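Visitor: Okay, predicted coordinates and the sequence, questions at the end:
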Number of protein chains: 2
Amino acid sequence: MKTIKDIAKVAAVSPSTVSRVLNNSGGYSEKTKQRILTISKQLNYQKNEYASSLVSTQKVNVIGVIVTNAKSSFSTKIIEGVEDFGYQKDARILLAHCGMSDNERLRKCIDLMLRQNVTGIISISVQFDEDNLAYLNKFDMPLISINVVVPGYPSITINNYQAAYQATQFIIEHGHRQIALVGVKKDDLQTGYNRIDGYSKALMDHKITIDQNLIIDGDFSFDSGRKSFETLLKLPKMPTAVFAASDDTAAGIISGAYEHDYNIAGELSIMGFDNSKISEMITPQLTTVVQPFYEMGELAVKEILDSKPEASVVLPVNIIDRGSVFKTISKYTSNN
Amino acid sequence: MKTIKDIAKVAAVSPSTVSRVLNNSGGYSEKTKQRILTISKQLNYQKNEYASSLVSTQKVNVIGVIVTNAKSSFSTKIIEGVEDFGYQKDARILLAHCGMSDNERLRKCIDLMLRQNVTGIISISVQFDEDNLAYLNKFDMPLISINVVVPGYPSITINNYQAAYQATQFIIEHGHRQIALVGVKKDDLQTGYNRIDGYSKALMDHKITIDQNLIIDGDFSFDSGRKSFETLLKLPKMPTAVFAASDDTAAGIISGAYEHDYNIAGELSIMGFDNSKISEMITPQLTTVVQPFYEMGELAVKEILDSKPEASVVLPVNIIDRGSVFKTISKYTSNN
DNA sequence: AGCTTTTACGCAAACGTTTGCGTAAAATTA
DNA sequence: TAATTTTACGCAAACGTTTGCGTAAAAGCT
């Protein structure tokens, strides 16, 4: 690797001059500028950003991204948003996986980011345990969390309560009154609880009594959707619609139905959540709640680079109708 | 951020001693070691890897990963492999997206890797144009390519010819003789061509005449699968099986069939390719060709870190049977 | 005790940059 | 032409580490 000194030697100037030319900081003649530029091109010079950032006041921005090893793939979309926007801003992405609730590994991720002294950290769906949170607090390291709230730090989330309310209302407006909620983690205070709440409120607002049997626990995964279908089958009466906690879970329900030779067409409406790629690729394509993942990534970068990430953001969601929730004439309109 | 000097000051030793203690390089008493260690813990010291790698002979490994913005999501699996194995080896992942055949952006990705002087580059599905390849050649930068062959550099791929042969044979052995090949790019010399070749050879070996109308061009995407189904419909005779170029394409075919009220169950066998997540989540679950993405990622890291990445590797594939290719009694056994 | 070996540390250079300061030379002005 | 300003550059320090070399002090030996 060629250094600034190599160029200086060839150009018969001091390294300082080379540096000034390459950084456009003035203080050289046009002639030497051209000379230095051509030489640096000839030598295929590449600045060593490590050395540079060590001394320069205007550091190069490196953004640390910590993701879980979650099966769900929406993090890809977020990272794409991070990358694209970071690219525009000439920032680098340092990526690290922290496993699933593997506190030790999360600690190592944090340490990594600190040692590489990144500009800030974007964590995606990462749950910080007490220890790691306390540890992080010791440093002056900006962090912005996507999808989950990390106490004391800004976050980018959606309003899960409202999203669930909207989705449930959408289903109700299509004539359904027996609506299952499948795949949320009940003890997940950040997401699960709020979604159950929004779902319940929508039902109540439409004078539909809440049937606890229709709220089926899960972990947002495909598998939990698949298993949940069996639970649905065992119900005294099959609901007419299912609100799935994620598109993956929705896919699981469809898969489970197929497995049990249950033909959902015209029988069981399904609402997904996420608008992940699978929601378009599955048959039937899913009506689903759109989470603006890409924008979340962009926004996170923006906040980190503005270095005023004190403001948490709650992004709006909308529903994309792909026809998997269809109109039904409720059989219960009168007697409830 | 605390530095080694801060520790030195508090411990009343020189920075050298602190460094030696922290790196276990010997030359200090047990007493000072303990003192320094506790102080460094108290101060929340974190080594600055930039400064360190600038001078140290045993640099910290940073692995540059360049991915396209491809819609297909298998890169996630590869990156996971890279990350997990890199984590074990204490390597860092610098991630960059290079768009789709955006040569300028690819150049910037390369420059980025050079400036951050990474240990080596892992490129996933990236097609290098002549210019960028020539450019890269100027540097002494190890690169290993996954999925595509980059002239002059080692690569990790599968044998597409053989994979297609195996898959086609699998279909034939289930009694099919009218087998469409859908979604490959004919002019893609690296993948498309070889898959067509393997498919053709398998047919020939089983004395099935090749019908060019059954080879339907595409770009491995969901959409091309969806569109291709219409092409299939227009054929004088519907094939009994489809070999899709990717799981995404297979999903597209299923989606297209649904769109046209064509019930594939028992009628149209489908073989996917990739074993991506969708192959399990779709209904019906797909019999598919398993690409060892995760292992590819691991292997790539291994080769970069061994810094002897001269050897290209062709990994074996296998077929996972999920029942989407079913037995049929060929109606053409006798008259062909 | 006197000698040699080992231990435990400090000094200073180095990595590849950037940047404040200093200063000859060139350019401008009177 | 002489005085003044500007230009164009070099010097050296700095960033936070690591590491070869040097050396007092301690330890071991006879």
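Guide: Received it, and whenever you're ready, just let me know what you need.
Visitor: and the closest residue to DNA strand C within the stretch 51-200 of chain A, what are its phi and psi?
Guide: Residue nearest to DNA strand C within the stretch 51-200 of chain A: residue A:51 (3.3 Å; Cβ to the nearest atom of the strand). Backbone N, C-alpha and C define where each C-beta goes, glycine included. Main-chain dihedrals, residue A:51, degrees, to the nearest 10: phi -60, psi -40.
Visitor: Make sure it is actually in contact with residue B:54.
Guide: Yes: under the criterion of Cβ atoms under 8 Å, residue A:51 is in contact with residue B:54, at a separation of 5.6 Å.
Visitor: Name the residue in these two with the higher neighbour count.
Guide: Shown here are residue A:51 and residue B:54; by other Cβ atoms under 10 Å in any protein chain shown, residue A:51 has more neighbours (17 against 14).
Visitor: ok, the more buried one - contacts?
Guide: B:50, B:54 (Cβ atoms under 8 Å, 6 or more residues apart in numbering or on different chains).
Visitor: what does residue A:327 give?
Guide: Contacts of residue A:327 by Cβ under 8 Å, 6+ apart are A:174, A:175.
Visitor: Quick one: classify it as helix, strand or coil.
Guide: coil (DSSP: H, G, I helix; E, B strand; the rest coil).
Visitor: For residue B:115, see how far away it is.
Guide: Applying Cβ to Cβ, to the nearest Å, the value for residue A:327 to residue B:115 is 58 Å.
Visitor: for the residue in the stretch 151-300 of chain A that DNA strand D sits nearest to, phi and psi?
Guide: Among the residues of the stretch 151-300 of chain A, residue A:153 lies nearest to DNA strand D; the distance is 24.5 Å by Cβ to the nearest atom of the strand. Backbone torsions for residue A:153, taken as degrees, to the nearest 10, come to phi -130, psi 150.
Visitor: Give me every residue in chain A lying close to DNA strand C.
Guide: A:1, A:3-5, A:15-16, A:19-20, A:22-23, A:25, A:27, A:45-48, A:51-52, A:54-58 (Cβ under 7 Å from any atom of the strand).
Visitor: Which of the residues you listed fall in helices?
Guide: Judged by DSSP state H, those include A:4, A:5, A:15, A:16, A:19, A:20, A:22, A:51, A:52, A:54, A:55 as members of helices.
Visitor: Nearest residue to the second one in space, please, no chain neighbours.
Guide: For residue A:5, ignoring the flanking residues on the chain, the nearest one in space by Cβ to Cβ, 6 or more residues apart in numbering or on different chains is residue A:15 at 5.3 Å.
Visitor: can you pull out the helices in the stretch 1-150 of chain A?
Guide: Along the stretch 1-150 of chain A, counting by DSSP state H, counting those that start in this stretch, helices occupy A:4-11, A:15-22, A:30-42, A:49-55, A:74-88, A:103-115, A:130-137.
Visitor: would you list those in JSON lines and tack on mean pLDDT?
Guide: JSON lines is the format used below for those (pLDDT from 0 to 100):
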{"stretch": "helix A:4-11", "mean pLDDT": "97"}
{"stretch": "helix A:15-22", "mean pLDDT": "97"}
{"stretch": "helix A:30-42", "mean pLDDT": "97"}
{"stretch": "helix A:49-55", "mean pLDDT": "95"}
{"stretch": "helix A:74-88", "mean pLDDT": "93"}
{"stretch": "helix A:103-115", "mean pLDDT": "96"}
{"stretch": "helix A:130-137", "mean pLDDT": "97"}
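Visitor: Burial-wise, tell me which of these comes out on top.
Guide: Mean neighbour count (mean count of other Cβ atoms under 10 Å in any protein chain shown) peaks for helix A:74-88 among these, with a mean of 22.
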